[in-house]
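A.B. asks: With the sequence up front, the predicted model follows.
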Amino acid sequence: MSKPNQKPVNPSRRRALQALGAATLAGWVPNALTAEDGLIRRVIPCSGERLPVIGLGTAWAFDVGDAGAEREPLKEVLQRFTVQPGRLLDTSPMYGNAESVIGDLTAQLGNRRSLFLATKVWTRGREEGVRQMEDSLRRLRTESLDLIQIHNLVDWRTQLGTLRQWKEQGRVRYLGVTHYQTSAFPDLERLMGTEPLDFVQFNYSIATRDAEQRLLPLAADRGIAVIVNRPFEKAALFGRVRGQKLPAWAEEFGCRSWAQFFLKYIVSHPAVTCAIPATGKLHHLEDNLQAGVGPLPDPDQRRRMVDYLLSL
Ligand SMILES: NC(=O)c1ccc[n+]([C@@H]2O[C@H](COP(=O)([O-])OP(=O)(O)OC[C@H]3O[C@@H](n4cnc5c(N)ncnc54)[C@H](OP(=O)(O)O)[C@@H]3O)[C@@H](O)[C@H]2O)c1
């Protein structure tokens, strides 16, 4: 039975939820969703569409100027990122020049259609929100977006109303909300419980696991796709393991680097749809993408991963 204020479960959404359930019942190793190309994908519950579990964040990394020396590495990153199409790229008008840089580079590469493009609205008032989203479309050089999220819940009532209209008009395919701090979880939880949302984005990492308590189970229950931000805690996790070797048993689930260890922990949670590590470096992108193929840790291995990190 659908919950108050949640849209009724339509047949395609029901199938999608069943697929998510099947992955869960398969025992936290969602390889049932691994396609022929080897990528692990998760279902977006409201539509049944599948997303590769590793996306790309763009805060700081894509906020550069016009100089070729700054843009060329990012072009290489975007080209590699779309070799297998359909991955989620997350940006925001808050990230300086990032939207313009992405728009320019995807126009040069001709790969806009190979991206699941997500941005945000981050302002107060209806007219200002519309103006900002139209600016985003222009800067990203696209006529429609795959996802628009309300950044840090700013003026969410107003912006959610506009986003619903944009979705009806086909200017955006999905809508959602974001935050990056655990202190915002009670607000996110209230919204997830009362508003029909397609996506929610929040912080979750092997070191900060608060989302496991309520938000991740709630997202699975309500059929809301989850994007995980700050998967490396803005690189702080690498500082925590500096000079430390990966445990030999990490090979059992295909981890060859600390980045893959951190990311595989996140995407092995069955309620996570996608993690969005940020990088502007090709070798880091290659590293991160490897977390989205091969086996994932099971519940025992996940506990062992946490214990190991705590023991360092
Ligand atoms: N409120 C919100 O909506 C919100 C808030 C925060 C974040 N976000 C989104 O989430 C994304 C990710 O979060 P974040 O940018 O805060 O931090 P993050 O992804 O946890 O960490 C990014 C840092 O990790 C480094 N890194 C990436 N891959 C690496 C690898 N394989 N090995 C070593 N270092 C690596 C990056 O450096 P290099 O560039 O040198 O690779 C960068 O310094 C953001 O970019 C943004 O899209 C949204």
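C.D. replies: Great, that's in hand. Numbers count the residues shown, from 1 in each chain.

A.B. asks: Can you find the residue of this structure that comes nearest to the ligand?
C.D. replies: Closest residue of the chain to the ligand, C-beta to the nearest ligand atom: G57 (2.4 Å). Every C-beta, even on glycine, is put in place using the N, C-alpha and C of the backbone.

A.B. asks: Skipping its backbone neighbours, what lies nearest that residue in space?
C.D. replies: A278 (3.3 Å; C-beta to C-beta, 6 or more residues apart in numbering).

A.B. asks: Make sure P217 is actually in contact with A271.
C.D. replies: Yes. P217 lies in contact with A271 (C-beta atoms under 8 Å); the separation is 6.9 Å.

A.B. asks: Please list all residues in contact with the residue nearest to G57.
C.D. replies: Under the criterion of C-beta atoms under 8 Å, 6 or more residues apart in numbering, the neighbours of A278 are 56-61.

A.B. asks: Pick out the most distant pair among those residues.
C.D. replies: By the measure C-beta to C-beta, L56 and W60 form the most distant pair in these, at 12.7 Å.

A.B. asks: The residue minimising distance to the centre of the chain: helix or strand, and which one exactly?
C.D. replies: For the chain, I227 is the residue whose C-alpha lies nearest the centre (C-alpha atoms, centre = their mean; 3.2 Å). For I227, the enclosing helix or strand under DSSP states H and E is strand 225-229.

A.B. asks: so how far is that strand off the chain centroid?
C.D. replies: 4 Å (C-alpha atoms, centre = their mean, to the nearest Å).

A.B. asks: ok, now stretch 276-295?
C.D. replies: Counting by C-alpha atoms, centre = their mean, stretch 276-295 comes out at 13 Å from the chain centroid.

A.B. asks: Tell me which of L56 and W60 has more neighbours.
C.D. replies: Between L56 and W60, counted using other C-beta atoms under 10 Å, L56 has the larger neighbour count: 27 against 14.
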